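# Build me a model:
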Amino acid sequence: MAKDLFFDRENYLNLLRKRIADLKDGYRQNVALLGDELVGKTSIILHILKTFYDPYIILVYVELRFETILTFAHRFIGVLLYNFLSNNCHGLKEDLDYLLCKAESYIPRTCEKARKVLMHLKNGRRNNMLTEIFSLTDLIYQETGKRCVVILDEFHNLENFKIKGLYAEWQKLLILQKNTLYILVSSMKHRARLILAKDLALLFGNFEVVGVEPFDIKTSDMYISLKSKERGIDKGIREFLIYFTGGVPFYLDILTDLVLSMPEGKLSEALEGILFCPTGVLNQRFVTFMDRIIGSRAFSQDYINILSLVANGVNKVKELMQRLNMAKRELDRRLDYLLDINFISRNGDFIIINDRVFSFWLRFVYQEKAFSLDAFTQRQRANFRERIVQFIKEFSTNAQRPLLERLEELLQLFEDDNLQIEKKKLRLSRFREVKPLNFTCKGFPEGLIGRARDSLWILALRYGSISEDDIAEFAQECRRYRHRCQRRIIVSLQEIDPNARLRALEEKIWTWDVNHLNNLFDLYFKPRVIT
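As a prediction, the model looks like this:
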């Protein structure tokens, strides 16, 4: 398969195409694409740039780097003029002076202002200059009737320009720029959300926030199958790769290629080569992660200790306070920093390492090397391989167990922990009893009942599709239990019909899909369900 083959992502592409088409019709809805590193945000944007064409729309894509605002202005103006001219001219040079001269006969006012902006920046002026750069798109519209789509990749890096009142200035411009669409992209999800919620929260010109997620299970399996169609990969190994990578395209791509290059049945050796060996591409990547933390600031050892503990299952705030012997206020400061640099996320009482492969590396490689008393790498390598073989075996064994049995085991791990599922707060009650439940309704052949001190959970498991009638039947079944505080949950392994989901809301029934379920399994360090 060609390395540059673009796969899936139609939901994100369709949304962006619609927003661009709406701009042409006079309706502007700014968009922010947020997601972890390597999840494919930039690939989505580049695919839009490659496939979209409209002579009345100018796409301006600029990646924000660690640079001066003058350098940024050169690149922004250069891309703007190059893409404006490319509709009519061929053989263009990537030279700003050349582009300014070439464009002057078409958009003289825009070119005049661009030169003034560059001159002011060379003379050391910075305040108000970012909005002056962005307002060039308005001038192009006035002179030509062409609208601009400005795409800023890793937009949070604008803060590196150290412009006083940066967002206050930009906010005013955003409200007025009805003929410019902004698409902001960021891998720093926590920081970006804070910026959008506080600094760029607008009554008009606000941003539609879109979370870019990894491939789901079905798409991941299709991706692996497509890459391995000439040789094929065993179903058990495919499922492990989906679990291990979490569907992140970058990791799926690398690990699938690696497995295909190894003899069959050598998965542990493949992981050893890429994760443990000093020259392994992922080992080098994660060593760089650790260097960023160690060299970043004070308390680096605290950050490393937190990440190591979380990777090994100590992932609740109270547990971390005890293990680190640290006051909550002090721990919160450390966690806030790791949140800000996008190493972790918080969900209620739980801490999650965002990059799951990095989490596995911390658990199986970093600690093995950091705390080994044996100076010989060969012994460390043998220990790593032994642990990885056991890890793969544990996943395979769990994959063959009945799902109801695994769910029962999961519920028994709850300890009154708090978390959020789809913006709804949920307390995971400590149950005094969890046992299988046989329903009288035909739609749900099996389920669980959990009894806690102050609540009753009734959980139904469904392998097929769910209809409104099924929801009504389950609601009626739950009414047999007269406990005042009921938590009614349906776990479905297939997509739930929108009408059935609405009926479930009316009946105060929670509907969980495989993703919800796997998020819970992750929090308690149990293998995911791959189906």
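# what sits against Ala192?
Residues near Ala192 by Cβ atoms under 8 Å, 6 or more residues apart in numbering: 32, 34, 155-156, 184, 186. C-betas here are computed from N, CA, C, even on glycine.
# Ignore what I typed, I meant Glu368.
Glu368 neighbours (Cβ under 8 Å, 6+ apart): 380, 383-384, 387.
# Hmm, Phe134 and Gln177 touching each other?
Yes. Gln177 is within contact range of Phe134, at 7.5 Å (criterion: Cβ atoms under 8 Å).
# Where do the helices of the stretch 301-450 of the chain begin and end?
Using DSSP state H, counting those that start in this stretch, the helices of the stretch 301-450 of the chain run over 317-324, 328-340, 356-361, 367-371, 377-399, 403-411.
# ranking those helices by burial, who's on top?
Mean neighbour count (mean count of other Cβ atoms under 10 Å) peaks for helix 356-361 among those, with a mean of 22.
# Retrieve the pLDDT associated with Leu194.
We have a pLDDT of 94 for Leu194.
# after the helix or strand containing it comes which helix or strand?
Assigned by DSSP states H and E, Leu194 falls within helix 189-194. Next helix or strand after helix 189-194 toward the C-terminus (DSSP H and E): strand 207-211.
# What average pLDDT does the helix or strand that that following strand is followed by get?
Using DSSP H and E, the helix or strand that follows strand 207-211 in sequence is helix 217-227. Helix 217-227 comes out with an average pLDDT of 94.
# starting at the chain centroid, how far to helix 217-227?
19 Å (Cα atoms, centre = their mean, to the nearest Å).
# what's the answer for stretch 458-471, then?
29 Å.
# Flag every buried residue along it.
Neighbour counts using 16 or more other Cβ atoms under 10 Å place 458-462, 466, 470-471 of stretch 458-471 among the buried residues.
# In strands, which of these fall?
Those of the buried residues of stretch 458-471 mapping onto strands are 458-462, per DSSP state E.
# For the protein, which element, helix or strand, carries the lowest mean pLDDT?
Within the chain, judged by mean pLDDT, DSSP states H and E, the helix or strand with the poorest mean is helix 367-371; its value is a mean of 76.
# can you dump the C-alpha coordinates of it into CSV?
Extracted in CSV, the C-alpha atoms of helix 367-371 (Å, rounded to 0.1, in the frame of the first residue of the first chain):
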residue,chain,number,x,y,z
GLN,A,367,11.1,1.1,34.1
GLU,A,368,12.9,-2.0,33.1
LYS,A,369,15.9,0.0,32.1
ALA,A,370,15.7,2.6,34.8
PHE,A,371,15.4,0.3,37.8
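# can you give me the strands for the stretch 1-150 of the chain?
30-34, 57-63, 147-153 (DSSP state E, counting those that start in this stretch).
# Now do the same contact list for the residue lying closest to Ser261 once chain neighbours are set aside.
Spatial nearest neighbour of Ser261, chain neighbours left out: Ala270 (7.8 Å); criterion: Cβ to Cβ, 6 or more residues apart in numbering. Contact analysis of Ala270 by Cβ under 8 Å, 6+ apart lists 255, 258-259, 261-262.
# ok, now Val150?
Taking Cβ under 8 Å, 6+ apart as the test, what Val150 contacts is 60, 62, 134, 137, 180-183.
# you'd agree Val39 is up against Glu213?
Yes. Using Cβ under 8 Å, Val39 is in contact with Glu213, at 6.9 Å.
# If you count surrounding residues, which of the two has more?
More crowded of Val39 and Glu213, by other Cβ atoms under 10 Å: Val39, with 25 against 16.
# tell me the contacts of the more buried one?
So Val39 contacts 212-214, 248-250 (Cβ under 8 Å, 6+ apart).
# from those residues, which is closest to Phe521?
Pro214 (15.6 Å; Cβ to Cβ).
# returning to that earlier point: okay, the buried residues of stretch 458-471 in CSV with pLDDT next?
Below are the buried residues of stretch 458-471 laid out as CSV (pLDDT from 0 to 100):
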residue, pLDDT
Ile458, 95
Leu459, 96
Ala460, 95
Leu461, 93
Arg462, 90
Ile466, 89
Asp470, 90
Ile471, 92
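# For those residues, could you give me a markdown table that also reports distance to Ala399?
Converted to a markdown table, these look like this (distance: Cβ to Cβ, whole Å):
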| residue | distance to Ala399 |
| --- | --- |
| Ile458 | 26 |
| Leu459 | 21 |
| Ala460 | 22 |
| Leu461 | 16 |
| Arg462 | 19 |
| Ile466 | 24 |
| Asp470 | 27 |
| Ile471 | 29 |
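# Spatially, which two of these are the most separated?
Taking Cβ to Cβ, no two of the buried residues of stretch 458-471 sit farther apart than Ile458 and Ile466, at 15.5 Å.
# Who are the contact partners of the closest residue to Glu143 other than its chain neighbours?
Nearest residue to Glu143, sequence neighbours excluded (Cβ to Cβ, 6+ apart): Ile107, at 4.7 Å. By Cβ under 8 Å, 6+ apart, Ile107 lies in contact with 84, 139-140, 143-144.
# same question, Tyr98
Tyr98 neighbours (Cβ under 8 Å, 6+ apart): Leu92.
# Relative to Leu92, how far out is it?
The span separating Tyr98 from Leu92 equals 8 Å under the rule Cβ to Cβ, to the nearest Å.
# With Phe134 instead?
Phe134 is 23 Å from Leu92, by Cβ to Cβ.
# which of these two has more neighbours?
Applying other Cβ under 10 Å to Phe134 and Leu92 shows that Phe134 carries more neighbours, namely 21 against 14.
# Run a quick neighbour tally on the closest residue to the more buried one other than its chain neighbours.
Once flanking residues are discounted, Phe134 sits nearest to Leu173: 6.1 Å by Cβ to Cβ, 6+ apart. Using other Cβ under 10 Å, Leu173 has 17 other residues around it.
# is it true that Leu173 touches Leu136?
No. The pair Leu173 / Leu136 is not scored as a contact, 11.3 Å apart, by Cβ under 8 Å.
# so which of the buried residues of stretch 458-471 comes closest to Arg406?
Leu461 (10.4 Å).
# in terms of contact, does the closest one touch Pro402 like I think?
No. Using Cβ under 8 Å, Leu461 makes no contact with Pro402, being 9.7 Å away.
# the residue most distant from the middle of this structure, which is it?
Ser105 (44.5 Å; Cα atoms, centre = their mean).
# what's that residue sitting at in phi/psi?
Reported as degrees, to the nearest 10, the phi and psi values for Ser105 are phi -70, psi -20.
# Quick check: His516 vs Phe7, distance?
Distance from His516 to Phe7, by Cβ to Cβ: 25 Å.
# before we move on, what about Glu169?
40 Å.
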